[in-house]
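Colleague: The following block contains a protein sequence and its predicted model.
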Amino acid sequence: MTLTTIVKTVFQWLHIPQVWLRPAIMLVDALIVLFFILFVVLYLIYGLRKIMGWIQARIGPNRVGPYGLAQTIADAIKLLAKEDIIPAMADKWPFVVAPIIVFVPAYMVYVVIPFGKGNGWVVQDLNIGVLYIAAVLSIPIIGIITAGWASNNKWSLLGAFRAAAQMVSYEIPLVLAMIPAVMLAGKMNLQGIIEAQQGVYFGIIPKWFITTQIVGFFVYMCAALAESNLTPFDIMEAESELVAGYNTEYSGMKFALFFLAEFAGMFTISAVATTLFLGGWLPLHPALSFIPPVIWFLGKTAVLIFILMWIRSTLPRVRVDQLMSFGWKVLIPVALLNIAWTGLLVLSS
Amino acid sequence: MCRPIRRAIEYTREGLYTIYSIAKGHIVTLKNLFRKKVTIQYPEVRWQLPEGYRGFPGLPVDPDTGADLCIGCGACARACPTGVITVESHMGEDKKRVVDSFMMNAGRCMFCGLCSEVCPTGALVMTDKYELAAFSREDLIYDRVKLNELGGIRQSKAEAKETVATSTGREDT
């Protein structure tokens, strides 16, 4: 709301016709989200390197800036300054488009993420929020296959094929794990789902969906790890087998886009898990509501991101056949049983 | 008849064991997260060298005479497996060898310490110098002056002989 008034006053001041008001607000929104993503990704990379370093009894980046805080900025500048190579035998047009196809959906998801209470904290509170997330998260795979195919490199192609198999089989448990939250809340709107988690059991335990959906939460986290190709499900870029998988031939800014999309995805899956299972911006207990909702949301997301990084630095990569059998034989049946259990819960209430 | 039940129990137990072992692994990494870091901030903080550390060999100078104890016997050159050392000497008037040149090629040295072990006077010792980077191969060839610099100053002749005896295990004095 305040953003709209700011843009309006600027328009009146500069005597710009009112027709441009709505596009201008959209552009400002988009830029805010873009800068938010860039900031988050910069410090996610820094955080990952620090946490992995500590777990391996190292210090991690500490040279550029105080405590190494400017390390990722230096890396980004290095990537920008690098030569942008397109291999001679590559299919040029798809090769250039692929990183954009991967990055844009990762950026689009942020449209519906509710960072705080009310409409001021979400770009567009869609009434089909959960469906939108599921739909948008399934687009990057097209970009990954395009990248693998266009590179004309066997490692890239193998990585892309693995990615296709993995994404197709893990999208199903991901969406199946999201369904119970929708069933319990009775709506697909993310703010509505958060509001449905208000209240406490016995005056202590918060009525977040994780209390009844602990299984669904685990299924969601497993599937989300695979969906955003994080270790232990990173077989599509498996350094030790496939050099770098689908982005073997990429360098400079195009590689940076893949990297950006991966870390933006890490934040997205944590933010969606927070919304669907951990009560979004709701405080742990109504007595703690003096802390602003944004802090609660970002704090819960940060805890989940730490857990993802912790998993990443602990578990080895799974085998291709293990990955497929885990997805189809464990996650999908468990997710379906969980939906049945949620159905019973909804009926009984 | 009860085979499917047994299978189901086994399957569940395996699943639970998987969860248990994954949790155990995570506890190990979490403990490491709070452990003291092993990284040494090298140029600012330096490693505490252990006793008997083998750096590049050097020829320490005796404080009394201002020269090292090399007698030009060439035992080190013969002992060296990679041919690092070249000693040139001639017989002097008083039937003592005079060392013309003593060269060591640090580019070839593998820091095995055989040269310092065979040295009969204990002139050649393993120093604790390990920062030997140079801009050219020629810079890696150390002559007697540079080796004296590298070796620093030794305590005294008698003490040196004692250390030779103890370090090589020989009782030859």
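Modeller: Looks like it came in fine. Since the structure is predicted, the reported quantities are computational estimates derived from the model, not experimental observations.
Colleague: Quick check: neighbours of the longest strand anywhere in chain B in the sheet, parallel or antiparallel?
Modeller: Longest strand in chain B by number of residues (criterion: DSSP state E): strand B:97-105. Here strand B:97-105 is paired, per DSSP bridges, with strand B:85-91 (antiparallel), strand B:141-142 (antiparallel).
Colleague: got the buried residues for it?
Modeller: Buried positions in strand B:97-105, judged by neighbour count with 16 or more other CB atoms under 10 Å in any protein chain shown: B:Val99, B:Phe102, B:Met103, B:Met104, B:Asn105. Any C-beta I mention is one placed from the backbone N, CA and C, and that applies to glycine too.
Colleague: Now do that strand: distance to the chain's middle.
Modeller: 23 Å (CA atoms, centre = their mean, to the nearest Å).
Colleague: can I have the next helix or strand after it written out in CSV, keeping just the CAs?
Modeller: Stepping forward along the backbone from strand B:97-105, the first helix or strand reached (DSSP states H and E) is helix B:114-118. Output in CSV follows, covering the C-alpha atoms of helix B:114-118 (Å, rounded to 0.1, in the frame of the first residue of the first chain):
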residue,chain,number,x,y,z
LEU,B,114,70.1,-39.1,4.3
CYS,B,115,72.8,-36.4,3.7
SER,B,116,72.7,-35.1,7.2
GLU,B,117,72.7,-38.7,8.6
VAL,B,118,75.9,-39.7,6.8
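Colleague: Quick check, A:Ala177 in contact with A:Val334.
Modeller: No. Contact status for A:Ala177 versus A:Val334: not in contact, 9.0 Å apart, counting by CB atoms under 8 Å.
Colleague: Those two: which has the busier surroundings?
Modeller: Comparing A:Ala177 with A:Val334 by other CB atoms under 10 Å in any protein chain shown, the one with more neighbours is A:Ala177, at 29 against 19.
Colleague: Which helix or strand contains the more buried one?
Modeller: Assigned by DSSP H and E, A:Ala177 belongs to helix A:154-185.
Colleague: Show me which residues of that helix are buried.
Modeller: Residues A:155-160, A:162-167, A:169-182, A:184-185 are the ones in helix A:154-185 that count as buried (16+ other CB under 10 Å).
Colleague: Regarding stretch B:126-143, how distant is the last residue from the first?
Modeller: 16 Å (CA to CA, to the nearest Å).
Colleague: near chain A, which residues of chain B?
Modeller: By the rule CB under 8 Å from any CB of the partner chain, the part of chain B lying against chain A is B:15, B:22, B:25-26, B:28-30, B:32-39, B:41.
Colleague: Out of those, flag the one nearest to A:Tyr220.
Modeller: Nearest to A:Tyr220 out of the residues of chain B next to chain A is B:Ile22 (CB to CB; 16.8 Å).
Colleague: pLDDT value on the closest one, please?
Modeller: Reading off the confidence values, B:Ile22 has pLDDT 88.
Colleague: burial of it, as a residue count?
Modeller: 13.
Colleague: Give the closest residue to it in space, chain neighbours not counted.
Modeller: A:Leu315 (7.0 Å; CB to CB, 6 or more residues apart in numbering or on different chains).
Colleague: close enough to count as contact, the one you found and A:Asp234?
Modeller: No. The pair A:Leu315 / A:Asp234 is not scored as a contact, 10.4 Å apart, by CB under 8 Å.
Colleague: if I look at A:Arg319, how far off is A:Glu241?
Modeller: Distance, A:Arg319 to A:Glu241, using CB to CB, to the nearest Å: 10 Å.
Colleague: Go through the buried residues of strand B:97-105 and name the one nearest A:Phe39.
Modeller: B:Asn105 (53.9 Å).
Colleague: so what's that closest one up against?
Modeller: B:Gly83, B:Val84, B:Leu140, B:Ile141, B:Tyr142 (CB atoms under 8 Å, 6 or more residues apart in numbering or on different chains).
Colleague: SS state for the closest residue in space to A:Leu69 that isn't next to it in sequence?
Modeller: Using CB to CB, 6+ apart and skipping residues adjacent in sequence, the residue nearest A:Leu69 is A:Tyr46, 6.7 Å away. Assigned state for A:Tyr46: helix (three-state reduction, DSSP: H, G, I helix; E, B strand; the rest coil).
Colleague: Average the pLDDT values over stretch A:183-194 and round to the nearest integer.
Modeller: 84.
Colleague: circling back to that earlier point, more crowded one of A:Arg319 and A:Glu241?
Modeller: Shown here are A:Arg319 and A:Glu241; by other CB under 10 Å, A:Glu241 has more neighbours (14 against 11).
Colleague: Can you tell me the SS state at that one?
Modeller: Following three-state DSSP, we place A:Glu241 in the helix state.
Colleague: now it: how far from A:Ala70?
Modeller: Per CB to CB, A:Glu241 is found 34 Å from A:Ala70.
Colleague: Same question for A:Val19.
Modeller: A:Val19 is 42 Å from A:Ala70, by CB to CB.
Colleague: Looking at these two, which one has more neighbours?
Modeller: A direct count of neighbours by other CB under 10 Å for A:Val19 and A:Ala70 places A:Ala70 higher, at 16 against 8.
Colleague: Run through the residues that contact that one.
Modeller: Neighbour list for A:Ala70: A:Val64 [criterion: CB under 8 Å, 6+ apart].
Colleague: got the residues of chain A near chain B?
Modeller: Within reach of chain B by CB under 8 Å from any CB, chain A has these residues: A:51, A:54-59, A:310-311, A:313-315, A:330.
Colleague: let's go with 6 Å and repeat that
Modeller: Counting by CB under 6 Å from any CB of the partner chain, chain A comes close to chain B at A:Trp54, A:Ile55, A:Ala57, A:Arg58, A:Ile59, A:Thr314.
Colleague: Can you pick out the most distant pair from those?
Modeller: Pairwise distances across the residues of chain A next to chain B (CB to CB) peak at 19.3 Å, for the pair A:Ile59 and A:Thr314.
Colleague: domains in chain B, as residue ranges please.
Modeller: Per automatic domain parsing, the domain ranges recorded for chain B read B:1-40, B:57-168.
Colleague: looking at the ones you listed, which is buried most?
Modeller: domain B:57-168 (a mean of 16; mean count of other CB atoms under 10 Å in any protein chain shown).
Colleague: I appreciate the help and will end here.
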